[in-house]
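Colleague: Dropping a prediction and its sequence here:
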Amino acid sequence: MGSETPTELPLIDFSKIYLNESTPDDWNSVKSQVHQALTEYGFFRASMAGMSPEFQSSLFGSLDQLFNLPLETKLKSISDKPFHGYIGHSPTMPLYESMAIPDAQVSGEVEAFANFFWPHGNPTFGESVRNISDKSYWLDRTIRKMIIESLGLDKYLDDHMDNTKHLLRVAKYKGPDTKESIMGLTSHIDKTTLSILYQNEVAGLELETKGGEWIRVKQSIDSFTVFVGEVFHAWSNGLLHAPNHRVMMTGNEARYSLGLFSVPKSGYITKVPDNLVDEEHPLLFNPFDYDEFLNHLFTGKIGANKDALDAYCGAKESELTTYSKS
Ligand SMILES: O=C(O)CCC(=O)C(=O)O
Ligand SMILES: [Fe+2]
């Protein structure tokens, strides 16, 4: 792949592994594609077996129902935690609305969210959102395992798996009814370990290459978009690229997305593995507490710009004092 600029996201097929029909060679082949994609570009599309048009229409019908609830009902989904509660009607992002389900992979959490909005329950919402959440969760763990193996860091695997938590965010981008592109979500780099997105057929997500070109994601019914966030970039001492991305909307159809975001658990100190640091690869990030980083971000102590984590705990300036070869 070298330094050539891709015009589309690389597509990697996880179906055999997901269906438990893979050989060790299949695993190794997918693992090396994942490693290459996430170091070169920071993103790829993951295809998965088992998604039907009927499933897709019940899933996005459910999200339509959710966002069509009255504003005062949606506003009840409040939270004092960053990124958790209802977000919408922002003057800077008028097309965007979202709500979050923490620990959506845990049995009963999606159903509890549905029961909150529909006191008599909403089994279609529960089942379809749960299905995507489970597949995204499986992808998140499988991809992180592949990266850790491919970096030769197997001894860190359990620590990484045990100290990661998840948040599912469902979003709606209203069609702006214009021919020219309107900003749906401003460009940013996720403050996550990994981000996994599933969406309806309305395009809009764009990812930036290292060379500064924007690639528009071509979504299909059985694929997820996977990209690296600042936390995994930092943990890998810069080996994994965390891409800038944004949502640009045209036309009058609404775009729906479901994003599963993995982040470090509260109280866990993320630290670059020693094996990734040597004279040629000086330490780029000092150990950090993710919750404290978010606090700094949301109280304005550091800017919410693209390299917020670097501003918070970047080690470049203090390399000589923090880096020890032991
Ligand atoms: O909805 C999307 O496709 C992108 C969402 C996103 O980038 C985010 O929530 O961080
Ligand atoms: Fe994002």
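Modeller: Sure thing, it's come through. Ligands and ions are numbered 1, 2, ... in the order given.
Colleague: Point me to the residue of the chain nearest ligand 1.
Modeller: Ser257 (3.5 Å; C-beta to the nearest ligand atom). Any C-beta I mention is one placed from the backbone N, CA and C, and that applies to glycine too.
Colleague: Quick check: that residue is in a strand.
Modeller: Yes: under DSSP: H, G, I helix; E, B strand; the rest coil, Ser257 falls within a strand.
Colleague: ok, the residue lying closest to it once chain neighbours are set aside - how many residues close by?
Modeller: Closest residue to Ser257 apart from its sequence neighbours, by C-beta to C-beta, 6 or more residues apart in numbering: Gln199 at 4.1 Å. Gln199: 22 surrounding residues under other C-beta atoms under 10 Å.
Colleague: still on that earlier bit, next up, the contacts around the residue of the chain closest to ligand 1.
Modeller: 170-171, 173, 197-200, 205 (C-beta atoms under 8 Å, 6 or more residues apart in numbering).
Colleague: Which of these fall in helices?
Modeller: Among those, DSSP state H puts none in helices.
Colleague: If any of the residues you listed are buried, give me the ChimeraX selection for them.
Modeller: Selection of buried members from the contacts of Ser257 for ChimeraX, criterion 16 or more other C-beta atoms under 10 Å:
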select :170,171,173,197,198,199,200,205
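Colleague: buried stuff in the helix ranked longest in the chain?
Modeller: Ranked by residue count under DSSP H, the longest helix found in the chain is helix 123-150. Buried residues in helix 123-150, counting neighbours by 16+ other C-beta under 10 Å, are found at 125-133, 135-150.
Colleague: Of the residues you listed, which are in range of ligand 1?
Modeller: Near ligand 1, judged by C-beta under 6 Å from any ligand atom, there are no entries from the buried residues of helix 123-150.
Colleague: So in terms of bridging, what pairs with the residue sitting nearest the centre point of the chain?
Modeller: The centroid of the chain falls nearest to Ser195 when counting by C-alpha atoms, centre = their mean (1.2 Å). Assessed by DSSP bridges, Ser195 has beta-bridge partners Phe227, Phe261.
Colleague: ok, back up a step: and ligand 1, which of the contacts of Ser257 contact it?
Modeller: 171, 197, 199, 205.
Colleague: which non-adjacent residue is nearest the last one?
Modeller: Spelled out, it's Leu205. Distances taken as C-beta to C-beta, 6+ apart put Val217 closest to Leu205, at 4.4 Å, once the chain neighbours are dropped.
Colleague: That neighbour: neighbour count?
Modeller: Neighbour tally, Val217, other C-beta under 10 Å: 20.
Colleague: For Leu9, see how far away it is.
Modeller: 6 Å (C-beta to C-beta, to the nearest Å).
Colleague: shared neighbours of these two, anything?
Modeller: Counting by C-beta under 8 Å, 6+ apart, the residues touching both Val217 and Leu9 are 45, 207, 225.
Colleague: Disregarding flanking residues, what is the spatial nearest neighbour of the last one?
Modeller: I take that to be Thr225. Closest to Thr225 by C-beta to C-beta, 6+ apart is Leu197, at 4.5 Å.
Colleague: hang on, isn't that neighbour packed against Leu205?
Modeller: Yes: contact criterion C-beta atoms under 8 Å: Leu197 and Leu205 qualify, at 7.0 Å.
Colleague: residues bridging contact with those two, i.e. touching both?
Modeller: Common neighbours of Leu197 and Leu205 (C-beta under 8 Å, 6+ apart) are 225, 257.
Colleague: related to what we said a few turns ago, arrange the shared contacts of Val217 and Leu9 in TSV, one row each, with distance to Ser236, pLDDT and neighbour count as further columns.
Modeller: Listed next are the shared contacts of Val217 and Leu9 as TSV, based on distance: C-beta to C-beta, whole Å; pLDDT from 0 to 100; neighbours: other C-beta atoms under 10 Å:
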residue	distance to Ser236	pLDDT	neighbour count
Arg45	21	97	21
Leu207	18	97	22
Thr225	20	98	22
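Colleague: any chance of those residues in a markdown table, plus secondary structure and distance to Pro53?
Modeller: Below are the shared contacts of Val217 and Leu9 laid out as a markdown table (DSSP: H, G, I helix; E, B strand; the rest coil; distance: C-beta to C-beta, whole Å):
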| residue | secondary structure | distance to Pro53 |
| --- | --- | --- |
| Arg45 | strand | 19 |
| Leu207 | strand | 26 |
| Thr225 | strand | 19 |
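Colleague: Tell me which stretches of this protein form strands.
Modeller: With strands called from DSSP state E, the chain shows them at 11-13, 43-47, 87-90, 93-102, 164-173, 178-188, 194-199, 205-208, 214-216, 223-228, 245-251, 255-264, 269-270, 288-289.
Colleague: Worst mean pLDDT among the ones you listed?
Modeller: For those, mean pLDDT drops lowest on strand 87-90, to a mean of 90.
Colleague: Direction included, what does that one pair up with?
Modeller: Strands that pair with strand 87-90, judged by DSSP bridges, come out as strand 93-102 (antiparallel).
Colleague: The partner strand and ligand 1, any residue contact?
Modeller: No: contact of strand 93-102 with ligand 1 (C-beta under 6 Å from any ligand atom) is absent, the minimum separation being 6.9 Å.
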